[in-house]
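# have a look; sequence and predicted model below, questions after that.
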There are 2 protein chains.
Amino acid sequence: MPIRSNDQIIHKAAWLYYTHGMRQDEVAQRLEISRASIAMYLRRAREMGIVSITTSNELFSDDVLARELEDATGLTSVWIVPEDRQAMDPAAEMPVVAASVFLELINKGDRIGVAWGRTVYHIADVMPFADLRGVTVVQLCGNLGAPYSYRPDQCTTEIARRLNAEGINLYAPLVLSSERLAEELRSEPVIREQLATISDCQLALYSVGGIEEDSHLVKCGALSAAEMHAMGSNGAAGVIAGQLIDRDGQWMDCGHNRRCMSADLGSIRAIKKRMLVVQEDSKFEPLVAALKGGFASHLVVTASMARRILDRWNTEGLDRNSSGKT
Amino acid sequence: MPIRSNDQIIHKAAWLYYTHGMRQDEVAQRLEISRASIAMYLRRAREMGIVSITTSNELFSDDVLARELEDATGLTSVWIVPEDRQAMDPAAEMPVVAASVFLELINKGDRIGVAWGRTVYHIADVMPFADLRGVTVVQLCGNLGAPYSYRPDQCTTEIARRLNAEGINLYAPLVLSSERLAEELRSEPVIREQLATISDCQLALYSVGGIEEDSHLVKCGALSAAEMHAMGSNGAAGVIAGQLIDRDGQWMDCGHNRRCMSADLGSIRAIKKRMLVVQEDSKFEPLVAALKGGFASHLVVTASMARRILDRWNTEGLDRNSSGKT
DNA sequence: CATCATGGCTGACAAAAGTCAATGCAAAAG
DNA sequence: CTTTTGCATTGACTTTTGTCAGCCATGATG
């Protein structure tokens, strides 16, 4: 929690410097303090979200391909991370674009659902600092064991910290060892209430998981590689908030899903702005499944991925209605 | 209107510099252009609202006096511009605070009404640049003759320009020479429609005018000093959007008001966020009238003015209901 | 066809901002 | 009561940024 007495001077410095356009030495003089301190205060002001600097991300949405994809799939908005020569590494660029877009989609007082994965973690890591008091960030799915590196609660917490928002974690494991236990835990008032509020979110952020053996579910031991492979043969196509979905993006009635502590897929679909971010080109099929299942209204992808989706939609003769437009 | 081809590089530079935190020389290298140009692009990006830097104005709202005034009057929010030793000139500071607060009150897609006066003009003059496409700024009252320095349409236009918003001017004089003509003009479809949309605004910005002989209405020749004085004796207490109001903030049924092309006071009261900014201590009585008339939900004043209002409210035993809280 | 005006771009310099080791100061620990 | 520890603060130094006169290309004009 912030220390009031000290904040005051930071606010003042930030105001004089950024709003009045004074120089650091002028601010230092007025506040009767050394310029070096002002420089430090200003850094803090930025980190604390007292000042926020945002850049338009029109650069990524203002693209023919993005428009085409929106028209073809019925998605509300698409942002394309280009892969051209002078652009940056697209894999590294995507989380930055995603973070910037995400920030823009937040309104005052919103409740925001955040899931988990490498992508979401990287987005959290480059999320700009902002002063969004009144915003609540909730965790969409349960936690993994401690040793695993991209923990769901870390994503939520880090995003909430950067936004100066309130973070609400789901204090439950992602996967339990028995269906009975999962059922009982879901009935616990604390957990039940929290899961119930998810459909009240105005915005959600997640990626889609693959079903290869490098899937997080396999790496964290929730499923063995063999089990995952079997699920693939049974029609599994991807993972949303820890739960397996089939090729049409529907919840699979399987042991894993029944043992999973996570947001009900219906609740997720009920969220108006569903922001899906996919970095890896290998996640094409999971992405298609997620789109068919209506898990995205806002999409951030690479240009090549966008082209592949467009191709698929054209060859399959899919239309706007297939992607669950609101 | 912006030139697309050139904007692209500015967007890119702004993105790399502000979002990625690259140095200017790094950006220059990547974009294969001189660093000096980058510096220039960045300035433009700021002026065009491609990047926007905003500072929290908590400094001015986070004040005991502000809280007290809100509690006493029922205003939604009050911002106090301090007058203490180390502070800046409060008269010069107020427009800056007002502009910053105003910007914060805007939401996407809002329609905003802007009136006219020295204060509003100064606010427009220090309004930060932002990228608020989809926002519409409408003029609340008719125009004055060309020679006058603070023209209503300039306020609207300048604010719209800085915000990258659409500006809609009211193409009619503020005061006509006959009531009949004013009535006929008000019935003109173009004008009527525009005046009708005013109550749809989510936010309005104005100051309150005095009824001394230095009033704008006198200086621009709409009323003679003698007429104004007479109006004062008849109960006029201030001016809102060019129209005289009495001590209770009610519309006065007088020749001037009937000849006035301006927003209906009822429409203005219907706007949810009515931001009133008063710079001069001499405008105390007009301000009180405006508050009683329900013309403010958000107020920006000096500390001394705030204290005077508080005193008045306490001695008169006025309560929250008197200031037209929504 | 030469001339002029326009506006973007650059190099070089001046100004401003960032950084960090050293210092001081106050609260916690011994 | 002294020592230690942890910060906030500073001065001196380095790096980064802002600026502006002058250059070049382009396109309009006489």
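Nice, I can see it. Here the structure is a predicted model, which means the values were calculated and not measured.
# ok, which stretches of the stretch 51-200 of chain A are helices?
A:58-61, A:64-73, A:90-105, A:118-126, A:152-163, A:179-187, A:189-196 (DSSP state H, counting those that start in this stretch).
# any stretches of chain A with poor pLDDT?
For chain A, the stretches with pLDDT under 70 are A:1-6, A:84-88, A:145-149, A:317-326.
# DNA strand D contacts on that one?
A:6, A:33, A:34, A:35, A:36, A:37, A:40 (Cβ under 7 Å from any atom of the strand). From N, CA and C alone the C-beta is placed, and that goes for glycine too.
# what about stretch A:288-298, how long is it end to end?
Length of stretch A:288-298, first residue to last, Cα to Cα, to the nearest Å: 14 Å.
# likewise for stretch A:162-169?
16 Å.
# which residues touch that stretch?
Under the contact criterion Cβ atoms under 8 Å, 6 or more residues apart in numbering or on different chains, stretch A:162-169 has outside partners A:48-49, A:103, A:106, A:112, A:124, A:127-139, A:143, A:153, A:156-157, A:159-161, A:194.
# same check on stretch A:215-234?
Residues outside stretch A:215-234 that contact it (Cβ under 8 Å, 6+ apart): A:116-118, A:144-145, A:148, A:150, A:174-175, A:209, A:211-213, A:236, A:239, A:242, A:244, A:252, A:254, A:256.
# quick one on the thing from earlier: can you narrow the residues of chain A next to DNA strand D to ones near DNA strand C?
Answer for the residues of chain A next to DNA strand D near DNA strand C (Cβ under 7 Å from any atom of the strand): A:35, A:36, A:40.
# quick one: buried ones out of those?
Not one of those meets the buried threshold, by 16 or more other Cβ atoms under 10 Å in any protein chain shown.
# of those, which belong to helices?
A:35, A:36, A:40 (DSSP state H).
# turn the residues you listed into CSV, columns for distance to residue A:14.
Formatted as CSV, those follow (distance: Cβ to Cβ, whole Å):
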residue, distance to residue A:14
A:35, 15
A:36, 16
A:40, 12
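# nearest to DNA strand D among those?
residue A:36 (3.0 Å; Cβ to the nearest atom of the strand).
# how near is the closest one to residue B:261?
Residue A:36 sits at a distance of 57 Å from residue B:261 (criterion: Cβ to Cβ, to the nearest Å).
# next, give me the two most distant ones among the residues of chain A next to DNA strand D.
A:6 and A:35 (18.2 Å; Cβ to Cβ).
# can I have the buried ones of the contacts of stretch A:162-169 as a PyMOL selection?
What follows is the PyMOL syntax for the buried subset of the contacts of stretch A:162-169, where burial is set by 16+ other Cβ under 10 Å:
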select buried, chain A and resi 48+49+103+106+112+124+127+128+129+130+131+132+135+136+137+138+139+143+153+156+157+159+160+194
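# just the contacts of stretch A:162-169 that are near chain B?
Filtering these for neighbours of chain B using Cβ under 8 Å from any Cβ of the partner chain leaves A:49, A:128, A:131.
# for residue A:78, list each beta-bridge partner.
Taking DSSP bridges as the rule, residue A:78 bridges to residue A:299.
# contacts only, for it.
By Cβ under 8 Å, 6+ apart, the neighbours of residue A:78 are A:61, A:66, A:67, A:69, A:70, A:298, A:299, A:300, A:301, A:306.
# then stretch A:68-82 to PDB, C-alphas only?
Provided in PDB are the C-alpha atoms of stretch A:68-82 (Å, rounded to 0.1, in the frame of the first residue of the first chain):
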ATOM      1  CA  GLU A  68     -10.500  -8.800 -44.000                       C
ATOM      2  CA  LEU A  69     -10.200 -11.100 -41.100                       C
ATOM      3  CA  GLU A  70     -12.800  -9.100 -39.200                       C
ATOM      4  CA  ASP A  71     -15.100  -9.200 -42.100                       C
ATOM      5  CA  ALA A  72     -14.600 -12.900 -42.700                       C
ATOM      6  CA  THR A  73     -14.900 -14.100 -39.200                       C
ATOM      7  CA  GLY A  74     -17.200 -11.500 -37.600                       C
ATOM      8  CA  LEU A  75     -14.600 -10.700 -34.900                       C
ATOM      9  CA  THR A  76     -15.100  -7.300 -33.400                       C
ATOM     10  CA  SER A  77     -11.400  -6.300 -33.800                       C
ATOM     11  CA  VAL A  78      -8.200  -7.800 -35.000                       C
ATOM     12  CA  TRP A  79      -4.700  -6.600 -34.500                       C
ATOM     13  CA  ILE A  80      -2.000  -7.900 -36.800                       C
ATOM     14  CA  VAL A  81       1.600  -8.100 -35.800                       C
ATOM     15  CA  PRO A  82       3.600  -7.800 -39.000                       C
END
